[in-house]
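Enquirer: I need the structure of the sequence given here:
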Amino acid sequence: MTVQTVLDFLFQLAPKDYAMSWDNVGHLLGRREAPVTRVLVALDTTPDVAKEATALGCQLIVTHHPVIFNPIRHLTDADPMTRTALHLLEQGIAVISMHTNLDCVPGGVTDELARLLDLERVEILPNGAQPGVIRVGEVAPTTLPEFAALVKARLGCEGLRCTDGGKPVRRVAMCGGAGMDFIEQVMRSGCDTFVTADVRYHEFQEVQIRGLNLIDAGHFQTENPICTLLRGKLAAAFPEMEVLLSKHGDCIRFF
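Expert: Predicted coordinates for the structure are as follows:
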């Protein structure tokens, strides 16, 4: 197995063409032909994840969030993230990141979120000619507190932020990670409830006035389930390769 072998498989799961134009996905760090016997799957390439991969003897990290996102103006030890990149290069550890292509593709991030929350008759809201990141589905009619309790339990949230739009929960939209850029599309879909993350105060106010229930379940919690799914798919595809799941979780704590 090489980094290229794993990259080819991951692009079969989530083709690069599904990524949004502003995104940075694929093989982002390290040598493409380097051999791989052990992989670590994580949501982010943080300094702690880099140390974890080194301690475990991994040659590759597969993440959801890109290890390199904005243009690099220097590659020195001047800040934590470039130090992390340098550390990985020095240790011979490559990084592959599957971001918005994994959000959009059927069976990806938001579909896994819909599965965990028991949505039925799930639809993909398109983004032009390709699938978008929003999924819409139905649940048996319930109250917002009851549905929020389900979300909290299934996603392992320490807490939720919610606003009550005054409607029972029946038709639910969801977007893993920060999804408020798609709020107008959600409103047009006829949903009564939206599950996403990174919602701002005035956004809560606005959607409540417009009659939408809104649940902010956390960026990490709405996306991290894809790591377990990726780990399983990689392990099944490459039984001779050891695939590990990072033990590092959300950086946000509730007190």
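
Enquirer: Could you list the low-pLDDT ranges of the protein?
Expert: Low-confidence segments of the chain (pLDDT under 70): 129-130.

Enquirer: so where's the longest strand in it?
Expert: In the chain, taking DSSP state E as the definition, the longest strand is strand 130-142.

Enquirer: Okay, and F147 sits in which element?
Expert: Assigned by DSSP states H and E, F147 belongs to helix 144-155.

Enquirer: other SSEs contacting that helix?
Expert: On a contact count with 3 or more CB pairs under 8 Å, 6 or more residues apart in numbering; DSSP states H and E, helix 144-155 meets helix 109-116, strand 169-178, strand 193-197, strand 213-216. Glycine gets a C-beta too; all of them are placed from N, C-alpha and C.

Enquirer: These: which one's closest to A235?
Expert: helix 109-116 (16.4 Å; CB to CB).

Enquirer: quick check, distance from the helix or strand just after the closest one to the centre of its chain.
Expert: Once helix 109-116 ends, the next helix or strand along the chain (criterion: DSSP H and E) is strand 120-127. For strand 120-127, the gap between its own C-alpha mean and the chain's C-alpha mean amounts to 18 Å (CA atoms, centre = their mean, to the nearest Å).

Enquirer: With stretch 242-249 instead?
Expert: 15 Å.

Enquirer: Go through it and flag the buried ones.
Expert: Judged by neighbour count using 16 or more other CB atoms under 10 Å, the buried positions of stretch 242-249 are E242, V243, L244, S246.

Enquirer: Give me the most central residue, the protein.
Expert: By CA atoms, centre = their mean, the chain has its centre lying nearest to E223, at 3.2 Å.

Enquirer: Please report phi then psi for that residue.
Expert: With angles defined as degrees, to the nearest 10, E223 sits at phi -110, psi -30.

Enquirer: Now it: closest residue in space that isn't a chain neighbour?
Expert: G176 (4.5 Å; CB to CB, 6 or more residues apart in numbering).

Enquirer: Which parts of this structure are strands?
Expert: Along the chain, counting by DSSP E, strands occupy 26-29, 38-42, 60-63, 94-97, 120-127, 130-142, 161-163, 169-178, 193-197, 213-216, 242-245.

Enquirer: quick one: which of the buried residues of stretch 242-249 is nearest V151?
Expert: S246 (22.9 Å).

Enquirer: In this structure that closest one contacts V49, no?
Expert: Yes: counting by CB atoms under 8 Å, V49 is a contact partner of S246 at 5.5 Å.

Enquirer: Mind listing the shared neighbours of those two?
Expert: Listed as contacting both S246 and V49 by CB atoms under 8 Å, 6 or more residues apart in numbering are L40, A42.

Enquirer: who's in contact with H87?
Expert: H87 is in contact with P47, A50, T54, counting by CB under 8 Å, 6+ apart.

Enquirer: For burial, what's the neighbour tally of the second one?
Expert: Read that as A50. 25 (other CB atoms under 10 Å).

Enquirer: likewise the last one?
Expert: By the measure other CB under 10 Å, the count of residues near T54 is 16.

Enquirer: That one is in contact with I93, isn't it?
Expert: Yes: contact status for T54 versus I93: in contact at 6.9 Å, counting by CB under 8 Å.

Enquirer: Skipping adjacent residues, who's closest to A237 in space?
Expert: Leaving out its chain neighbours, the residue that sits closest to A237 by CB to CB, 6+ apart is F9, at 5.6 Å.
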